[in-house]
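[1] Starting from these lines, generate the structure:
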Amino acid sequence: MSEYKGIKGFQVTTRTEDPVPYAQALADDPYSLQWSSGGNLNAARGNIAGVGTQTAALGFGGNQPGSPKSTANEQYNGSSWTELGDLNTGRGGMFGFGTTTAAIGSGGLVYPFNPSNFATNINESWNGSAWTEVNDLNSGRATGGSSTGGTNTAGLVFGGGYLSPSPNYAIVASNESWDGTSYSEENDLNTGRGFGMGGAGTQTAALAFSGAAPGSPITLIATESWNGSSWTEVSDLNTTAEGRIGSGATNTAAIAVGGNTPAPALTGATETWDGTSWTEGNDLATVRSGVGSAGTSTVSLAFGGNTPSYTTATEEWAFGGLPPSTPAAGYADAITGDFYYNSTTGQFKTVNDGGAPIGTWAASATMNDARGEGASLGIQTSAMYSGGEPAVTANTEIYDGSSWTEVGDLNAARYGIKGAGTTTASIVFMGQIPPGTRSALTETFDGSSWTEVGDLNTGRLQGGSAIQGTTTASLCFSGATSTGESVLTESYNGSSWTELADLPTPSYLSPGGTGTQGAALKFAGGGPGGTALDETVSWNGSSWTDVAEMNTARRQIAGAGSQTSALGFGGESYPSPARKSLTEFWNGTSWTEVADLATAVSEQGGAGSTTAAMSYGGEHPPTTTASEQWNAAEFLIKTVTTS
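    Here you go, the predicted structure:
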């Protein structure tokens, strides 16, 4: 008897698109703080004051086309701006704090200029319908910072300047507190600053950052925190800029936006403050300085500013992308073994294991110390970087999946150093110790401190290592010795190094290295005369074998993965040096180009696997603290032949 299945067959899923693994979907649209377009201001202005929240903000005053300063006052409702009652006196670069129904606007630049004092001490209060002049600032000034999370009865203004004629443009450290009736002088900032600086927090817990110091254009990255009685210097911003504005409800959570780096170059750089350090985030779509700002470190608004022409552009800062715990609607997993019909291409397809990883690089937390040519090791969520240059250092930093932390220093500062292991059981070796020692020094790390152990037989720098090695089973190869680039290979057994079979080609300038002591891969690097290499050689525990070449020759490259599944990323060409963003995947037989790094870099650190890797530090130029994360899935969609 015939069965229904035999007569009708079985049901095949129909899809209009090939499936995407969640890891890839997340990489394409990561869950992160991002800027998106909002409704434009009615009047284009720069150096505009802002108060309130992302969905209830007030933007008032500012510089406008032509010389007169603007009296315009607009309110944002989360989608559009509405004109409200004007200021009594038009001003740019004002101090502002409060809400859309109860705000204070103090100081600022007026027009025409007073030849002996460019800034005013005028102070106005907003009640939701009109501005009223109230008691003035004690010191007239502009382009300083204020407690953007304050109220119209409790606020703080600090810094600023334009107190004397050009070319001096005096900058002050003055700090004044508003109690709802009058301003009182408080303890000054440690460093006077103005020309556009950021402020956040409240009357008793404020934050001051960025700006320019006396003798502008000396721009600052210094950050100071106010506890209600005094200012304390805390961690610096990552980007040096004046005209950098920000907001935040407290001194432990703030945002810094835009600026000049230095003038007239503009930036869209965005950084968030967590009470301890600044982290670089996604940039504004419109680069600008003197932007108006309102909101918190995670739900904020940026509007107006100088591009260098005045703009009406508004952008909203909030979390976007795919939440890690909840895939977006319509998302389809790629399930190994799946069989389906793609109605768009008219093909039957299957999902198989293998294939080049499908993924992307995305910005990650910045390191504390900008450098290249350090020792890197670990995995994406637990990585290490030790030593490095150009300021030759012994510094060691560990990444925990969200931020970098400095731990115990190496015993000897050096660069051109390599390593292997984990963040709690690490080994680093070789390197250049100033002024010119090519070191054989080996050190191990136990999670808190470094210990010197048995030296290499031959001192060198800029060699390679099998980064998946351990403190008792490591492999070191190539490098520049006192006589030039080498073919040397040495193996460590936990107490001493032993020379093993040589490489087929001498090399140095930091070739990529992955794998273990008994199964390693060496790729690219610098050959005689510094020429960039494309060679790949495989180690089986006793000898090296030439295998397939990379698609692009590079030296000073980083790597991640194993002997049979590796990534090679970054590096530089030579001759005609040019830094690269290229990423290539090794499947044990050949190299395939996959998604590029966001930024071309060389001499950086690398860690992780072919589906979860890290690239950090290096030469951009100059040396950088930036890092990127690679997230991907390895699968292969094959077309089924039905004829």
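[2] Glu280 against Thr270, yeah?
    Yes - with contact defined as CB atoms under 8 Å, Glu280 counts as touching Thr270 (7.4 Å). C-betas here are computed from N, CA, C, even on glycine.
[3] And these two? Which one has more around it.
    Thr270 (25 against 20; other CB atoms under 10 Å).
[4] which residues does the closest residue to that one other than its chain neighbours contact?
    Distance criterion CB to CB, 6 or more residues apart in numbering; nearest residue to Thr270, sequence neighbours excluded, is Gly281 at 4.7 Å. With contact set as CB atoms under 8 Å, 6 or more residues apart in numbering, Gly281 has these partners: 32-33, 270-272, 363.
[5] Tabulate those residues (JSON lines), appending secondary structure and pLDDT.
    Output for the contacts of Gly281, formatted as JSON lines (DSSP: H, G, I helix; E, B strand; the rest coil; pLDDT from 0 to 100):
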{"residue": "Ser32", "secondary structure": "strand", "pLDDT": "86"}
{"residue": "Leu33", "secondary structure": "strand", "pLDDT": "91"}
{"residue": "Thr270", "secondary structure": "strand", "pLDDT": "95"}
{"residue": "Glu271", "secondary structure": "strand", "pLDDT": "94"}
{"residue": "Thr272", "secondary structure": "strand", "pLDDT": "94"}
{"residue": "Ala363", "secondary structure": "strand", "pLDDT": "89"}
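[6] Could you turn the buried ones of those residues into a ChimeraX selection?
    The following ChimeraX line selects those of these that are buried, judged by 16 or more other CB atoms under 10 Å:
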select :33,270,271,272,363
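[7] List just the nearest of the contacts of Gly281 to Asp369.
    Of all these, the one with the least separation from Asp369 (CB to CB) is Glu271, at 17.1 Å.
[8] Wait, that closest one touches Asp236, no?
    No - the criterion here is CB under 8 Å, and Glu271 misses it with Asp236 at 10.4 Å.
[9] Overlap of the contact sets of those two?
    Trp278.
[10] Now do the SS call for Gly529.
    For Gly529, the secondary-structure state derived from DSSP: H, G, I helix; E, B strand; the rest coil is helix.
[11] Check the spacing between it and Thr314 real quick.
    For Gly529, the distance to Thr314 (CB to CB, to the nearest Å) stands at 55 Å.
[12] more neighbours, these two?
    More crowded of Gly529 and Thr314, by other CB under 10 Å: Thr314, with 23 against 8.
[13] Now do the contacts for that one.
    Contacts of Thr314 by CB under 8 Å, 6+ apart are 37-41, 76, 81, 301-304.
[14] ok, of these, which come out buried?
    38-39, 41, 76, 81, 301-304.
[15] What about those, which are in helices?
    When these are checked against helices (DSSP state H), there are no matches.
[16] out of those, who's nearest Trp591?
    The closest of those to Trp591 turns out to be Ala302 (CB to CB; 42.4 Å).
[17] my guess is the closest one contacts Ser293, does it?
    Yes - with contacts counted by CB under 8 Å, Ala302 reaches Ser293, the gap being 5.6 Å.
[18] Show me the common contact partners of those two, please.
    Joint contacts of Ala302 and Ser293 (CB under 8 Å, 6+ apart) are Val257.
[19] how about low-confidence regions in the protein?
    The chain contains residues with pLDDT under 70 at 1-10, 20-28, 113-117, 163-169, 214-218, 263, 324-336, 642-643.
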